[in-house]
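> Here is a sequence with its predicted model. Questions after.
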Amino acid sequence: MPYEQSFFISIFVEVFNIKQDFLINEQIKFAEVQVIDENGEKLGKINTNKAIEMAYDKGYDLVLVSPNKDNPVCKMLDYSKYKFEMTKRAKEAKKNQKVIEIKEIRLSPNIDKHDLEVKAKNANKFIASGNKVKVSMRFRGRELNFVNQGKEIMNSFCDMLEGVQIDKTPKMEGKNLTMFLSPNKNK
C-alpha cells in the first residue's frame, strides 16, 4: 500500500472515530521491531520501514501485536481477515452467553388462595428457566395497616415454590413490599 493511501486511511479513522485494536503499517512508531512472519517463524529485529516493505511484498499487513517499549513485536498477517475472525469469535461468545432476566410477579394483600397458587406456578416456571423473580405487593389506602399480613402472604408464597433461594427478604419500599428470589445454586 503506497504512503498516500495509508495516509488517507489514517485520516478516515481519525475523522469517523473508528476504534482500532492494533497499530498497523505506518502507524507503528518504533524504529526497530521484532518480526514474526505469516507462518509464525521469528525473523529477528528488523527496521520498521523494511519490515513494512517485506509485508507489502508478501501481500500482508504489519500488525503490532505487543507494544512493549523494550521489545515491540509485530506480525505479518492479513489485517482485514484477522479483524473479521475476531468479530466472528466475539459474536459466537456472545451467542453462548446465558442472559438472566428479572421477571416480576405482583401480589395484593387480599389475594385469594387459588390466585396465589397460580402465581406460584408461574414463578416456578420462571425459576426453572433460570430467571430471577421479583415479587411485589402494593398497598393502597387502608391496606397500609395490614403490612404484617402482606409479609405472611409473601412467606406462604415462598413456601409454595420449589428450588428457590431468597436473595432479598420482604421489605417495604414506599407503599410496596418487595422480595427477590433466584434459583437455588445447590440444585
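Done, it's in.

> I'd like to know how far the spatially most distant residue from the centre of the chain sits from residue 178.
When distances are taken from the C-alpha mean of the chain, residue 142 lies farthest, 44.9 Å away, according to CA atoms, centre = their mean. Distance from residue 142 to residue 178, counting by CB to CB, to the nearest Å: 21 Å. Where C-beta positions appear, they are placed from N, C-alpha and C, glycine not excepted.

> Next: residue 64.
Distance, residue 64 to residue 178, using CB to CB: 52 Å.

> Then residue 163?
Residue 163 is 21 Å from residue 178, where distance means CB to CB.

> who has more neighbours, those two?
Just comparing residue 163 and residue 178: by other CB atoms under 10 Å the higher neighbour count belongs to residue 178, 18 against 12.

> Are we agreed that the more buried one is in a strand?
Yes. Per DSSP: H, G, I helix; E, B strand; the rest coil, residue 178 lies within a strand segment.

> quick one, what contacts the nearest residue to it once chain neighbours are set aside?
Spatial nearest neighbour of residue 178, excluding adjacent residues (CB to CB, 6 or more residues apart in numbering): residue 136 at 4.8 Å. Contact partners of residue 136, counting by CB atoms under 8 Å, 6 or more residues apart in numbering, are 104, 105, 106, 107, 176, 177, 178, 179.

> Let me see the ranges of the helices in the chain.
Taking DSSP state H as the criterion, the chain contains helices spanning 3-15, 48-58, 79-95, 113-128, 147-160.

> Would you convert those into TSV that also reports distance to residue 38?
Shown next, in TSV, are those (distance: least, CB to CB, whole Å):
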stretch	distance to residue 38
helix 3-15	20
helix 48-58	7
helix 79-95	11
helix 113-128	51
helix 147-160	61
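
> Now do the same contact list for the closest residue to residue 183 other than its chain neighbours.
Leaving aside its chain neighbours, residue 183 sits nearest to residue 127 (5.1 Å; criterion: CB to CB, 6+ apart). Shown in contact with residue 127 (CB under 8 Å, 6+ apart): 133, 161, 163, 164, 181, 182, 183.

> ok, 10 Å please
Under the criterion of CB atoms under 10 Å, 6 or more residues apart in numbering, the neighbours of residue 127 are 103, 133, 161, 162, 163, 164, 165, 181, 182, 183, 184.

> do residue 124 as well
Neighbour list for residue 124: 133, 160, 161, 162, 163, 164 [criterion: CB under 10 Å, 6+ apart].

> Name the nearest of these relative to residue 116.
residue 160 (7.3 Å; CB to CB).

> nearest residue to that closest one other than its sequence neighbours?
Once flanking residues are discounted, residue 160 sits nearest to residue 120: 3.9 Å by CB to CB, 6+ apart.
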